[in-house]
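Q: Everything below, folded, please.
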Amino acid sequence: MYHNEIPSIFEFRAIYVDYVFKHGHPSVILFYKDEESALVDAFTAVAKIWKKKGGKANFVTSGLTEGIQEKLASFTEVKTVPTLMIIHPPPAGVKAPIRKYFFGDISYRTSAKEITQFVIDFFSGKLKPFQKSEPVPESSTEPV
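A: As a prediction, this is how the structure comes out:
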């Protein structure tokens, strides 16, 4: 599948796995429940405008609990909905970790303007990737 063959926005399914993870294009992912239609409408509007302007990002929707979408949620460490994030895999053939960027406090009332600003901030280099760290030990007498 080539970038120009991908729809402006798509639901995460098995046919898109390689494209999302192996071509180096960032993917803006909205994890949501069906009742969050206003948020999905705002996300869809941003995706269509972004694609029309030639933006190089995938816009993906996903649930948390079924099939391949459950695997995506587990991989990205998403446990609650709604969650908005960007994953940015390295280009094909480059060994590097997939970078993850999370939108702060998202709610059902998050606007298209706020989503757009998140995407712009990512492409402007203003966002810091999520860094997983080990939990802080309660107490330790051993050297670090």
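Q: Now do the helices in the protein.
A: 17-22, 37-52, 67-76, 112-123 (DSSP state H).
Q: Is I98 in contact with F21, as I believe?
A: Yes: with contact defined as Cβ atoms under 8 Å, I98 reaches F21; the gap is 7.2 Å. The way it works is simple: take the backbone N, C-alpha and C, and place the C-beta from them, glycine included.
Q: got a list of contacts for the lowest-mean-pLDDT helix or strand in the chain?
A: None of the helices or strands of the chain scores lower by mean pLDDT, DSSP states H and E than helix 17-22, at a mean of 89. The contact list for helix 17-22 (Cβ atoms under 8 Å, 6 or more residues apart in numbering) reads 1, 6, 12, 25, 27, 58, 60, 68, 87, 89, 92, 98.
Q: picking up where we left off before, okay, and the common contacts of I98 and F21?
A: P89.
Q: Any figure for the gap between K113 and K126?
A: Distance, K113 to K126, using Cβ to Cβ, to the nearest Å: 16 Å.
Q: and K56, how many neighbours does it have?
A: 11 (other Cβ atoms under 10 Å).
Q: so it touches P26, yeah?
A: Yes: K56 lies in contact with P26 (Cβ under 8 Å); the separation is 7.4 Å.
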